[in-house]
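Asker: Give me a 3D structure for the following:
(one chain, ligands or ions: 2)
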Amino acid sequence: MEKPGRERHVFVRNRVMETNHPILVAPSLLAANFAFLADEVRKTEASDSDWLHLDVMDGHFVPNLTFGPAVIAAIRPHCNLFFDVHLMVDRPSELVEDYIVAGADAITFHWEAEVHHHRLIQRIHAKNKLAGISIVPSTSVDSLLSVLPYVDLVLVMSVNPGFGGQSYISESTARIKRLVELRSQFGWKYQISVDGGVNSTTMVEVAGAGADILVTGSAFFGAKDPAGFVRQLKSLRRSS
Ligand code: DX5
Ligand code: ZN
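Answerer: Residues are numbered from 1 along each chain as shown. Ligands and ions are numbered 1, 2, ... in the order given. Prediction:
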């Protein structure tokens, strides 16, 4: 049985913002103990988390390797959360269908790793999944102007991608605010997700800037009380 929440996100593509939802929390499996993946994904579900963030790294786009579709397919039956797949890979267009078959509900690829952005967004939408675009800290938010009307998610990397446990880059706050501003100026519908260094020290600043989704790896899996940490994150107020 799937949670109604997961279904809702899949089928209200591009209209999620209309519901004025509270902040969503997405623990990143990167910080989990990989020897006990099924237990770790159950831990995310037992907290009041909304999404499970799955960091796919290829050792080329970023200097680290994680897991592929086989692992995602293996954990799918153990967790009913919405699967938020973050592809940190070169040539994502060659891979997206594999991740959809494995159980992804949203696929986010990097602006810097693809040339034909619109085509890839369309392919993801054709499978009735949410499509996200991500940018590394050195890419300007305004580079995304041509795709912002079409994406469901914008994933702001607030660290240089590749590893968990890094410090939040403070310039990310202005980038989140710029995305909020553009969304309101043009009436676009994307949700803003923030990934990297989100913890109990930075969370107020990130939420205050207008983030809709908080990805949290080491802070969630390292917490004494992960469920309590999620409650704290969900009680934060966005500025928008
Ligand atoms: C980094 C990944 C993040 C990472 C976040 O490249 O995209 O999702 O797991 O980890 P923390 O929360 O530890 O910064
Ligand atoms: Zn990520």
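
Asker: From now on I want contacts and neighbour counts done on CA atoms only, so please keep to that.
Answerer: Noted.

Asker: For the chain, just list every one of the helices.
Answerer: Listed in chain order, the helices of the chain (DSSP state H) span residues 4-11, 37-46, 69-75, 96-102, 117-126, 172-186, 203-209, 218-221, 226-234.

Asker: out of those, nearest to ligand 1?
Answerer: helix 218-221 (3.8 Å; Cα to the nearest ligand atom).

Asker: still on that earlier bit, can you put the helices of the chain in a markdown table and add distance to residue 81, mean pLDDT and mean neighbour count?
Answerer: Listed next are the helices of the chain as a markdown table, based on distance: least, Cα to Cα, whole Å; pLDDT from 0 to 100; neighbours: other Cα atoms under 10 Å:
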| stretch | distance to residue 81 | mean pLDDT | mean neighbour count |
| --- | --- | --- | --- |
| helix 4-11 | 6 | 54 | 14 |
| helix 37-46 | 7 | 97 | 18 |
| helix 69-75 | 11 | 98 | 16 |
| helix 96-102 | 14 | 98 | 18 |
| helix 117-126 | 19 | 98 | 16 |
| helix 172-186 | 25 | 98 | 17 |
| helix 203-209 | 22 | 97 | 20 |
| helix 218-221 | 16 | 98 | 22 |
| helix 226-234 | 14 | 97 | 18 |
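
Asker: Show me which residues of the chain are close to ligand 1?
Answerer: 28, 30, 55, 161-166, 195-198, 216-219 (Cα under 6 Å from any ligand atom).

Asker: Is there a quick PyMOL command that grabs whichever of those are buried?
Answerer: One line in PyMOL is enough to select the buried ones among those; burial here means 16 or more other Cα atoms under 10 Å:
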select buried, resi 28+30+55+161+162+163+164+165+195+196+197+198+216+217+218+219
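
Asker: Report pLDDT for residue 18.
Answerer: Here the pLDDT value assigned to residue 18 is 46.

Asker: typed the wrong thing, it's residue 3
Answerer: Looking at residue 3, its pLDDT is 47.

Asker: Turn the helices of the chain into TSV, columns for distance to residue 134.
Answerer: Converted to TSV, the helices of the chain look like this (distance: least, Cα to Cα, whole Å):
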stretch	distance to residue 134
helix 4-11	19
helix 37-46	23
helix 69-75	20
helix 96-102	15
helix 117-126	11
helix 172-186	12
helix 203-209	16
helix 218-221	20
helix 226-234	22
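
Asker: Let me know which of those helices is the nearest to residue 141.
Answerer: Residue 141 lies closest, by Cα to Cα, to one member of those: helix 172-186, at 6.4 Å.

Asker: From the contact counts, what lies against the closest one?
Answerer: On a contact count with 3 or more Cα pairs under 8 Å, 6 or more residues apart in numbering; DSSP states H and E, helix 172-186 meets strand 153-157, strand 191-195, helix 203-209.

Asker: Next, the angle from that helix to strand 191-195.
Answerer: 170 degrees (axes from the mean of the first three to the mean of the last three Cα atoms, to 10 degrees).

Asker: Now tell me what touches helix 172-186 from outside.
Answerer: Under the contact criterion Cα atoms under 8 Å, 6 or more residues apart in numbering, helix 172-186 has outside partners 137, 141, 156-158, 188-190, 192, 205-206, 209-211, 240.

Asker: Same check on stretch 213-227?
Answerer: Residues outside stretch 213-227 that contact it (Cα under 8 Å, 6+ apart) are 23-32, 46-48, 53, 164-165, 191-200, 207, 229-230, 233.
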